[in-house]
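Asks: what shape does this take:
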Amino acid sequence: MSKVVERFLKYVSYDTQSKEGEKKIPSTEKQFALADALAAEMKALGMADVKVDGQCYVYGFLPETAPNLPALGFIAHMDTSPEVSGKDVLARVLYDYPGGDIYLNRELSIDEETFPAIRELVGQDLIVTDGKTLLGADDKAGIAEIMTMCEYLLAHPEIRRGKICVGFTPDEEVGAGADGFDVAGFGADFAYTVDGGRLGELEYENFNACNAVASIRGASIHPGSAKGKMKNAIRIGEEYDALLPAFERPEHTEKYEGFFHLLSFAGKTDKAELRYIVRDHDKTRFEARKKLMRKAAEYINLRYGEGTLKLSIRDSYYNMKEQILPHFHLIETAVAAMEALDIKPEIVPVRGGTDGARLSYMGLPCPNLCTGGYFFHGPRELIPVQSLEKVSELLVEIVKRTYEGR
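Replies: Below is the predicted model:
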């Protein structure tokens, strides 16, 4: 078994599930267990200035082998999605996948019709779960690939390079992965997150994103004498949601199409709360979506009385494209490295966000590289052994090409 696979299987044994709604970083203390293990491994490899800070960020560096070269960073996140448990992951390798449906247990399968992407994996060795947890390739695959790159570079000091900066973050899955990241202390001039999907994916465009909360104040009264007096907050909430475009929801959109996503709706007659996430790649359309939500809130308050609906909107992150374009050499280098390794580059927009989006606006240009994984955030998550190995090679090739001719 290759080193990168060994590492990956070890890392997924740690339960690092983050938690929505927590105000502290990390949102779950258990993320420190993997952070401490990674720091110990980094020190054992011979990396410099390794530390885990009080918010569970892990940093370490490879000293330069040539002077006066820019510093290059690689970043991945340690936490797994709050949507599905990451505890007691039972991973297994399905060797030489023959094609057809993959049965994870008696109740759950990865079927070709619903998940046609598995057809491109015939003949590969697939790491899957028992169908009761997610796998954790998002983003422990990225961690394993970066660590394997570091081991290789340390064993080959003849490779000309500047300082290589490595960072592992908590709480990316709950949108806080970059909140406590020490960009200045990290010291990279530019970086890559290794947090994407299938082999060959390269991303430097992501959604503009915000969270929105509609809080509704109703009026409860005995239904027998409610005429002209009751204001049912649940019904008002339904009416508010109906004012937003029905076909601009996640289930009807793809590629560059944005959406309004109703995450939760809780309430009673006297009060209700609707929570949304709003996404769009285009900044103008993004602002128009927020404006529409505010107009809908104004209508509700006009209809049912001022103060009936209070809308709060908080921006989360923005499209990193405008921060990456001045540093497009990052994309050109990654494409050239892929082509050198017979990986077909596929530049795609992220229908989500990454730590790199936030970091790019914090002064660290940071596009996103593939990990090789599929079907993240659910029990059908998988990753081919061959992709883990190939991405590890890709990271080394990116380092070589970054410093070529400098």
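
Asks: could you list the domains of this structure?
Replies: According to automatic domain parsing, the chain comprises the domains 3-205+319-402, 208-317.

Asks: bridging residues for the residue lying closest to Leu382 once chain neighbours are set aside?
Replies: Among residues not flanking Leu382 along the chain, Val128 sits closest, at 4.7 Å (C-beta to C-beta, 6 or more residues apart in numbering). Every residue, glycine included, has its C-beta placed from N, CA and C. Beta-bridge pairing for Val128 (DSSP bridges): Arg92.

Asks: just give me the neighbour total for Val128.
Replies: 23 (other C-beta atoms under 10 Å).

Asks: by mean pLDDT, flag the weakest helix or strand of the chain.
Replies: helix 355-361 (a mean of 91; mean pLDDT, DSSP states H and E).

Asks: only the buried residues of that helix, if you could.
Replies: Residues Asp355, Gly356, Ala357, Arg358, Leu359, Ser360, Tyr361 are the ones in helix 355-361 that count as buried (16 or more other C-beta atoms under 10 Å).

Asks: now do the contacts for the closest residue to Asp315 other than its chain neighbours.
Replies: What sits nearest to Asp315 in space, not counting adjacent residues and going by C-beta to C-beta, 6+ apart, is Cys210, at 4.6 Å. By C-beta atoms under 8 Å, 6 or more residues apart in numbering, Cys210 lies in contact with Ile277, Val278, Phe286, Lys290, Ile313, Arg314, Asp315, Ser316.

Asks: can you show me the helices along the protein?
Replies: With DSSP state H as the criterion, the chain has helices at 3-11, 31-45, 137-155, 183-186, 233-242, 283-304, 321-324, 329-340, 355-361, 385-402.

Asks: and the contacts of the second one?
Replies: Meaning helix 31-45. 11, 14, 16, 18, 26, 50-52, 56-58, 60, 78-79, 143, 147, 150-151, 154, 166, 168, 170-171.

Asks: which ones among those residues lie within strands?
Replies: Val50, Lys51, Val52, Val58, Gly60, Val166, Phe168 (DSSP state E).

Asks: before we move on, back to that, of all the helices of the chain, which one is nearest Tyr95?
Replies: helix 385-402 (8.6 Å; C-beta to C-beta).

Asks: tell me what the closest one is packed against?
Replies: Packing contacts for helix 385-402, counted by 3 or more C-beta pairs under 8 Å, 6 or more residues apart in numbering; DSSP states H and E, involve helix 3-11, strand 72-77, strand 126-128, helix 137-155, strand 190-194, helix 329-340, strand 368-369.

Asks: distance to Arg249 and mean pLDDT for the ones you listed - can I get that in JSON lines?
Replies: Formatted as JSON lines, the helices and strands packed on helix 385-402 follow (distance: least, C-beta to C-beta, whole Å; pLDDT from 0 to 100):
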{"stretch": "helix 3-11", "distance to Arg249": "35", "mean pLDDT": "98"}
{"stretch": "strand 72-77", "distance to Arg249": "27", "mean pLDDT": "98"}
{"stretch": "strand 126-128", "distance to Arg249": "30", "mean pLDDT": "98"}
{"stretch": "helix 137-155", "distance to Arg249": "23", "mean pLDDT": "98"}
{"stretch": "strand 190-194", "distance to Arg249": "28", "mean pLDDT": "97"}
{"stretch": "helix 329-340", "distance to Arg249": "31", "mean pLDDT": "97"}
{"stretch": "strand 368-369", "distance to Arg249": "25", "mean pLDDT": "96"}
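
Asks: please identify the most buried of those.
Replies: Mean neighbours per residue, mean count of other C-beta atoms under 10 Å, is largest over the helices and strands packed on helix 385-402 for strand 368-369, with a mean of 29.

Asks: centre of the chain versus it, how much separation?
Replies: In terms of C-alpha atoms, centre = their mean, to the nearest Å, the centre of strand 368-369 is found 10 Å from the chain centre.

Asks: that one pairs with which strands?
Replies: If you go by DSSP bridges, strand 368-369 pairs up with strand 190-194 (parallel), strand 201-203 (antiparallel).

Asks: out of the ones you listed, nearest to Val385?
Replies: Using C-beta to C-beta as the measure, strand 190-194 is the one of the strands paired with strand 368-369 that comes nearest Val385, at 16.8 Å.

Asks: who's in contact with that closest one?
Replies: Residues outside strand 190-194 that contact it (C-beta under 8 Å, 6+ apart): 70, 72-76, 139, 141-142, 145-146, 165, 167, 327, 330, 334, 354-356, 359, 364-371, 391, 395, 398.

Asks: wait, Arg317 touches Ala209, no?
Replies: To be clear, residue 317 is Tyr; Arg isn't right here. Yes. With contact defined as C-beta atoms under 8 Å, Tyr317 reaches Ala209; the gap is 5.2 Å.

Asks: now do the shared contacts for those two.
Replies: Common contacts of Tyr317 and Ala209 (C-beta under 8 Å, 6+ apart): Gly353.

Asks: now do the phi/psi pair for the nearest residue to His377 once chain neighbours are set aside.
Replies: Once flanking residues are discounted, His377 sits nearest to Ser81: 4.3 Å by C-beta to C-beta, 6+ apart. The phi/psi pair for Ser81 (degrees, to the nearest 10) reads phi -60, psi 140.

Asks: for Ser81, give its distance to Asp195.
Replies: Separation of Ser81 from Asp195 (C-beta to C-beta, to the nearest Å): 12 Å.

Asks: list the residues that contact both of those two?
Replies: Contact criterion C-beta under 8 Å, 6+ apart; residues shared by Ser81 and Asp195: Asp138.

Asks: neighbour count for the two, which is higher?
Replies: With neighbours defined as other C-beta under 10 Å, Ser81 and Asp195 compare such that Asp195 has more, 29 against 19.
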